[in-house]
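Asks: Next one to model:
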Amino acid sequence: LRAIAARGMALGGGDGGPTILDLQSGALSWRDKFIDVWAAFNASGTPPFTTRDVAVYADVVRRIRSLAESTFGVSGLHLTAPTFFSRHSGDRPPKTRHDEY
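Replies: Residues are numbered from 1 along each chain as shown. As a prediction, this is how the structure comes out:
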């Protein structure tokens, strides 16, 4: 999962401390806004996530769903979006109100 996050985040980076990558929506923080990570992949010529990357992500989601279902005694659980990766750079001060944690 770290490789997936690093690959997507390499194309962006927030001005403040956090950088966010939301795989469901394709949102990637860049400077003081969000951009489309898929458009960034296309513009950079960088290949997007590999089939293996997607399989790893799907397996983790499946295992989390299975654990939640067994823990709470339910079945047919649907996880909500957004699920996202975040990276925090403590050496950069917040630039927007959303950068403060």
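Asks: in this structure, which spans are strands?
Replies: Counting by DSSP state E, one finds strands in the chain at the ranges 13-14, 18-22, 27-31, 33-36, 84-88.
Asks: mind listing the helices in this protein by residue range?
Replies: Ranges of helices in the chain, per DSSP state H, are 2-9, 37-44, 51-72.
Asks: what sits against the residue nearest to Ile20 when sequence neighbours are not counted?
Replies: Leaving aside its chain neighbours, Ile20 sits nearest to Ser29 (4.5 Å; criterion: CB to CB, 6 or more residues apart in numbering). Heads up, the C-betas are built off the backbone N, CA and C, glycines and all. Neighbouring residues of Ser29 by CB atoms under 8 Å, 6 or more residues apart in numbering: Gly12, Gly13, Gly14, Pro18, Thr19, Ile20, Leu21, Ile35.
Asks: Tell me, what's the model's pLDDT at Pro93?
Replies: With respect to pLDDT, Pro93 scores 75.
Asks: I figured it hits Gly16, correct?
Replies: Yes - shown here, Pro93 and Gly16 form a contact pair, counting by CB atoms under 8 Å, at 6.8 Å.
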